[in-house]
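Undergrad: dropping a prediction and its sequence here:
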Amino acid sequence: MTATAKPIRLSRHFSTAFQLQTLLLPIRRPEISQQNTALTEDFCGQVLDKYPNIRTLKKLHSRIFFDQNLRSNASLGIKLMRVYAACGETDVTRHIFDEFPDKNIIFFNVMIRSYVNNHMYKDAFLVYKNMSSYNISPDHYTFPCILKACSCSGFNNLSVGLQIHASVVKFGLDSNLFVGNCLVAMYGKCGCLVEARQVLDDMPCRDVVSWNSMVAGYAQNGHFNDALGVCREMELVRLKPNAGTMASLLPAVTSTSSSNVLFVEEMFMKLDKESLVSWNVMIAVYVNNSMATEAVELYSQMESRGIEPDAVTIASILPACGDLSALLLGRKIHEYVERKRLRPNLSLENALVDMYSKCGCLREARKVFDGMQCRDVVTWTSMISAYGKNGQGCNAVALFSKMKDLGVTPDSIAFVSVLSACSHAGLLDEGQYCFKLMTNKYGIVPRLEHIACMVDLLGRAGQVDEAYDFIKQLPMEPNERVWGALLSACRVHSNMTIGLVAADRLFQLVPEQAGYYVLLSNIYAKAGRWEEVTTIRSIMKDRGIKKVPGISNVELDRQVHTFLAGDQLHPQSKEIYEELDVLLRKMKEAGYVAETDSALHDVEEEDKENHLAVHSEKLAIAFAIINTTPGTPIRITKNLRVCGDCHIAAKLISKIAAREIILRDANRFHHFQNGVCSCGDYCAFVILSAHDFAIGKYGNALRVPSAETLKTTWLKRIKSEVSLQSKDIDRVDYNRLPYNCRDMDNNKSRALINFLVSSPPRTVFHQSVDVSSYHKNLKCLADLFDSVIEDFGPEIVVQIIVDNPFNFTG
């Protein structure tokens with residue numbers, strides 16, 4: 001229907017010929033006499049039907065503009081609007097719209113679609129409302145566009161959607177398939193699932209899009225079982241799901257049940273394997289459900305079929321590469337990205353940063369980060385988290401400060417990353433400052449994730465009582481992570497009183513979580529209370545609670561190899577165990593003694609050692625050594641925290657085999673190189689429970705004071721006097737000690753004891769001393785130091801330090 005009325009004018013739009021000319025600049029007015037061929041409607045229509053680039057479009061438009069007949073041609077006007085709308089030129093599209101006094105329904109539909117596609121939803125609704133002033137009724141092309149606007153982020157106006165639904169009924173279009181599908185989608189996106197289902201059920205005719213819209217509505221609102229139920233309904237009415245069905249399921253397929261994943265797999269198997277969308281969705285389903293191995297295998301199948309991945313595929317598979325530390329595959333995918341010029345792409349580049357950081361490749365992660373043209377808060381957070389998990393807390397804090405200086409506002413997740421980084425690095429002051437900054441400057445209300453980080457930070461610093469007080473002052477009920485962090489701190493610092501409180505709350509919150517039973521058992525074991533240890537393990541057995549098995553992964557030739565403790569199923573099992581025996585013999589020659597003190601007391605010592613010798617990470621390391629060339633870094637991923645014995649073993653193997661070993665456990669990265677670990681041996685403080693430290697001319701122990709501390713304090717004193725007098729103990733510069741020795745009285749003392757026992761490998765222990773009383777005060781430590789120097793002489797002690805400097809480097 002057409003009608004005559006005044007043009008619609010909005011305050012920021014113009015309709016004069018002069019203003020339209022300015023939009024077409026710098027194209028000058030063409031000299032008609034110089035044109036060889038006069039323009040015709042057919043010629044202009046053919047050019048516009050091919051959707052030319054913006055420069056060609058403006059050249060053609062400038063000639064049409066100065067030809068009165070062509071300029072007033074409604075058909076050409078509509079085509080010009082469509083092409084300009086496709087180019088995102090909404091202002092020019094609006095000018096052309098306003099130039100035509102006699103508008104039909106097509107003009108309005110094109111204008112509404114232009115606004116909706118360019119996210120100008122309020123303008124689209126204003127044009128829709130003004131249709132009535134021209135006596136033009138909306139049709140089955142109008143309603144789908146305006147319904148889409150009602151459910152888009154930034155507008156999401158359900159009340160407008162309800163009005164439009166009423167208009168749909170008024171104009172008799174409620175039985176239209178296309179309009180009905182859009183109504184289902186609109187209600188689903190607005191969270192009105194009952195209304196969406198009612199529309200679907202009332203539709204006289206439904207196609208696969210109708211059902212997919214309902215599936216998407218349930219999935220987007222977290223009703224995964226209902227979404228799967230709709231998929232099963234489709235099969236009952238003999239309607240075959242398509243790739244769009246799988247894509248609709250994706251929002252809900254996160255941490256779902258194995259049976260649901262199996263259903264999606266069965267759906268995938270029935271689909272056309274040439275559709276990239278279905279492959280992308282299935283890969284995303286695996287990744288979202290922590291099935292990284294399956295995701296990588298499916299990606300390899302896709303490659304073997306000759307299906308080229310797109311940016312969506314890459315952004316989906318890279319997290320799986322990171323989870324498995326599949327660096328070779330990740331690098332190959334990165335090369336593909338560069339070859340296909342898929343950058344810049346923010347989500348893809350964020351995935352690259354995350355993948356490299358999870359593989360422990362900070363340099364490569366930072367290189368991608370620095371090369372990005374655009375970064376969002378997710379980018380900064382990923383890089384901050386990477387530094388934190390790799391033990392570089394100072395770099396994490398520095399990057400966080402740079403992010404703020406550049407005007408990027410940190411969000412809640414960014415603060416979780418920087419607080420976690422401070423916790424891992426023992427940066428107590430910095431962590432407390434960031435926590436106050438989050439609440440005071442940015443007005444972010446602390447969530448339990450932030451609380452857990454602060455409890456962990458205080459606990460690692462030895463302030464267990466303060467951590468418990470912090471929890472008691474919370475306005476909300478602490479969750480598993482908060483109490484778990486406190487229990488871990490109690491394990492480190494042998495605080496049984498608070499540990500029992502934390503354990504009791506955890507057993508109420510997560511009674512089936514085996515890890516917390518084990519932590520409490522270890523607290524009892526450390527205190528020698530073996531009856532309680534037996535009781536806890538009996539409770540676990542009676543309740544059917546089993547420890548999560550330790551699993552270690554290592555990548556070789558783009559294939560991920562998985563090992564469990566005592567695993568003998570690998571094809572190279574014989575060679576692996578032979579190599580492990582060789583390594584164990586060399587480790588013992590270097591002074592290695594298996595850490596068996598936290599095991600049950602009624603188990604034979606030899607059985608304890610045999611069990612420790614075949615832990616999954618040791619098998620993975622042996623496998624990597626026999627299958628890679630000397631000097632090649634070894635990358636291991638473990639699902640649980642590395643045990644103290646494996647931590648000591650990895651340090652020794654890194655020196656014996658001259659290999660860098662990068663081990664990512666459930667908490668952080670450990671970079672072992674030349675007998676030293678990047679974590680500062682905090683892991684060992686967490687796990688080791690022995691009260692006996694070997695004291696002798698040679699031996700291996702935990703990381704000790706820095707080289708500078710030794711040089712400026714201890715060595716001078718030893719050289720000048722035969723013994724260190726107790727009165728001189730206060731001269732020790734504790735500020736130079738590594739973080740695990742700061743602010744922890746017990747750990748300070750233990751670090752000094754370790755100084756006495758650290759020495760080159762291939763050593764015979766001189767004697768064993770129970771240090772449980774020595775570490776209670778510095779006077780006892782000084783006495784112990786004096787006795788060791790008296791036994792060995794100052795020259796030998798100095799030589800131990802000089803010969804073994806790698807133990808003292810920060």
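TA: The structure has been received and is ready for your questions. Numbers count the residues shown, from 1 in each chain.

Undergrad: could you count how many residues lie near G191?
TA: 14 (other Cβ atoms under 10 Å). (Glycine included, C-beta is placed from N, CA and C.)

Undergrad: so it sits right up against N221, yeah?
TA: Yes. Assessed by Cβ atoms under 8 Å, G191 is found in contact with N221 at 5.5 Å.

Undergrad: what about the most centrally placed residue in the chain, helix or strand, and which?
TA: For the chain, the residue nearest the mean C-alpha position is D354 (6.5 Å; Cα atoms, centre = their mean). Element membership for D354 (DSSP states H and E) is helix 346-358.

Undergrad: cool, and A396?
TA: helix 393-405.

Undergrad: elements contacting that helix?
TA: Contacts defined by 3 or more Cβ pairs under 8 Å, 6 or more residues apart in numbering; DSSP states H and E place helix 393-405 against helix 377-389, helix 412-425, helix 428-440.

Undergrad: make it 7 Å
TA: On a contact count with 3 or more Cβ pairs under 7 Å, 6 or more residues apart in numbering; DSSP states H and E, helix 393-405 meets helix 377-389, helix 412-425.

Undergrad: got the ones you listed as TSV, with distance to M131 columns?
TA: Shown next, in TSV, are the helices and strands packed on helix 393-405 (distance: least, Cβ to Cβ, whole Å):
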stretch	distance to M131
helix 377-389	41
helix 412-425	44
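
Undergrad: looking at those, which is closest to S133?
TA: Comparing those by their distance to S133 (Cβ to Cβ), the top pick is helix 377-389, with 44.6 Å.

Undergrad: sorry, back to before: CSV please, covering the helices and strands packed on helix 393-405 and showing mean pLDDT and mean neighbour count.
TA: CSV is the format used below for the helices and strands packed on helix 393-405 (pLDDT from 0 to 100; neighbours: other Cβ atoms under 10 Å):
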stretch, mean pLDDT, mean neighbour count
helix 377-389, 93, 24
helix 412-425, 92, 25
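
Undergrad: list the buried residues for whichever strand or helix holds D469?
TA: Per DSSP H and E: D469 is located in helix 464-472. By 16 or more other Cβ atoms under 10 Å, the buried positions in helix 464-472 come out as V464, A467, Y468, F470, I471.

Undergrad: just the CA coordinates for it, please, in PDB.
TA: Output of helix 464-472 as PDB, limited to C-alpha atoms (Å, rounded to 0.1, in the frame of the first residue of the first chain):
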ATOM      1  CA  VAL A 464      46.300 -19.000  59.700                       C
ATOM      2  CA  ASP A 465      44.600 -17.300  62.600                       C
ATOM      3  CA  GLU A 466      44.200 -14.100  60.600                       C
ATOM      4  CA  ALA A 467      42.700 -16.100  57.700                       C
ATOM      5  CA  TYR A 468      40.200 -17.800  60.000                       C
ATOM      6  CA  ASP A 469      39.300 -14.400  61.500                       C
ATOM      7  CA  PHE A 470      38.800 -13.100  58.000                       C
ATOM      8  CA  ILE A 471      36.300 -15.900  57.300                       C
ATOM      9  CA  LYS A 472      34.400 -15.300  60.500                       C
END
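
Undergrad: what's that helix packed up against?
TA: Against helix 464-472 (3+ Cβ pairs under 7 Å, 6+ apart) you get helix 448-460, helix 480-493.

Undergrad: hmm, try it at 10 Å
TA: Judged by 3 or more Cβ pairs under 10 Å, 6 or more residues apart in numbering; DSSP states H and E, helix 464-472 is in contact with helix 448-460, helix 480-493, helix 496-509.

Undergrad: that one to helix 496-509, inter-axis angle?
TA: For helix 464-472 against helix 496-509, the angle by axes from the mean of the first three to the mean of the last three Cα atoms, to 10 degrees is 30 degrees.

Undergrad: report the distance from helix 464-472 to the chain centre.
TA: Relative to the centre of its chain, helix 464-472 is centred 29 Å away, using Cα atoms, centre = their mean, to the nearest Å.

Undergrad: remind me, longest helix of the protein?
TA: helix 573-589 (DSSP state H).

Undergrad: where does the chain have low pLDDT?
TA: In the predicted model of the chain, residues 1-38, 153-156, 252-257, 595-611, 680-810 satisfy pLDDT under 70.

Undergrad: just the CA trace of the following helix or strand past the helix holding D354, in PDB.
TA: Where DSSP H and E defines the elements, the next helix or strand beyond helix 346-358 is helix 362-370. Extracted C-alpha coordinates of helix 362-370, given in PDB (Å, rounded to 0.1, in the frame of the first residue of the first chain):
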ATOM      1  CA  LEU A 362      55.200 -17.300  28.700                       C
ATOM      2  CA  ARG A 363      57.400 -15.700  26.000                       C
ATOM      3  CA  GLU A 364      55.100 -16.900  23.200                       C
ATOM      4  CA  ALA A 365      52.000 -15.900  25.100                       C
ATOM      5  CA  ARG A 366      53.500 -12.400  25.700                       C
ATOM      6  CA  LYS A 367      54.500 -12.200  22.000                       C
ATOM      7  CA  VAL A 368      50.900 -12.800  20.900                       C
ATOM      8  CA  PHE A 369      49.700 -10.300  23.600                       C
ATOM      9  CA  ASP A 370      52.100  -7.600  22.500                       C
END
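
Undergrad: report the residue ranges of every domain in the protein.
TA: The chain breaks down into these domains under automatic domain parsing: 400-534, 551-686, 691-808.

Undergrad: packing partners for the helix or strand hosting G45?
TA: Under the criterion DSSP H and E, the helix or strand holding G45 is helix 41-49. Applying 3+ Cβ pairs under 10 Å, 6+ apart, one finds that helix 41-49 contacts helix 54-65, helix 68-71, helix 74-86.

Undergrad: buried sites along the longest one?
TA: Within helix 74-86, the residues that qualify as buried are L76, G77, I78, K79, L80, M81, R82, V83, Y84, A85, counting by 16+ other Cβ under 10 Å.

Undergrad: lovely, talk soon.
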